[in-house]
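*Asks:* Build the 3D model from these lines:
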Amino acid sequence: MTRPDNPDRAAQARALCEQGEWVALQLFAQKWGAEQAEEAGAWFYQGVALATLGRFAEAETAYRTALKLDAHDFKIWNNLAALLFDLMNRPAEAVQCLAQALKNEPRNPLGWSNLASLNGQLNRHADALACAECALALDPQLVTAQLHRARAAQALGKPEIVRAASEALAKLAPEKFQRTR
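*Replies:* Sure, this is the predicted structure:
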């Protein structure tokens, strides 16, 4: 069994992410992984850095190594899905990754919203709408889920749902529209 990730190192890695120091993050996470190879966080942050640096195959390897150490970590599955879908043109695998993430954390509204997005981009609008509704059942103020709901409903010819999503968005406080990770 692996021990929990080093919180100090994870905090340092997050700080490098927030500063956009991708090369420094990659070197930091690589050193961390060399010293404590059993910590999923080291491999996760290597994946983050490598993906941002355009080293997609290496990022995938890092994420998959992290998953071998902690197959229940939602963020690892979510980031791997984004990498596979957005950067490596492997949508079926991306959907499988998000499905696995949601098996681990079925009450994660961001995961449902992300799956709605993937399904919408794959023209699976009924699935996208269902996923957006799952996200909104968990967090009715999740802007991205409302947007995915509206897009899917528009594609399905359901103007009443588009109208309801627009009205729900209009009622949200401005700070809800700030971008989240």
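
*Asks:* What mean pLDDT does stretch 76-92 get?
*Replies:* For stretch 76-92, mean pLDDT rounds to 96.

*Asks:* Residues contacting that stretch, please?
*Replies:* If you take Cβ atoms under 8 Å, 6 or more residues apart in numbering as the criterion, stretch 76-92 is touched by 40, 44, 47-48, 51, 56, 59-60, 63-64, 66-67, 70, 93-95, 97-98, 100-101, 104, 110-111, 114, 118, 121-122. Backbone N, C-alpha and C define where each C-beta goes, glycine included.

*Asks:* Can you flag the buried ones in the residues you listed?
*Replies:* Neighbour counting by 16 or more other Cβ atoms under 10 Å classes 40, 44, 47-48, 51, 56, 59-60, 63, 66-67, 70, 94-95, 97-98, 100-101, 110-111, 114, 118 among the contacts of stretch 76-92 as buried.

*Asks:* So which of the residues you listed belong to helices?
*Replies:* 40, 44, 47-48, 51, 56, 59-60, 63, 66-67, 94-95, 97-98, 100-101, 110-111, 114, 118 (DSSP state H).

*Asks:* What is the neighbour count of residue 152?
*Replies:* Residue 152: 27 surrounding residues under other Cβ atoms under 10 Å.

*Asks:* Phi, psi for residue 19 please.
*Replies:* Note on residue 19: its backbone torsions stand at phi -90, psi -10 [degrees, to the nearest 10].

*Asks:* Can you get me a residue count around it?
*Replies:* 10.

*Asks:* One more: residue 141?
*Replies:* Residue 141 has 14 nearby residues by other Cβ under 10 Å.

*Asks:* Now do it against residue 162, distance only.
*Replies:* 18 Å (Cβ to Cβ, to the nearest Å).

*Asks:* Quickly find the element holding the residue nearest in space to the middle of the chain.
*Replies:* Geometric centre of the chain, nearest residue: residue 78, 3.5 Å, by Cα atoms, centre = their mean. Residue 78 is located in helix 74-82, with elements delineated by DSSP states H and E.
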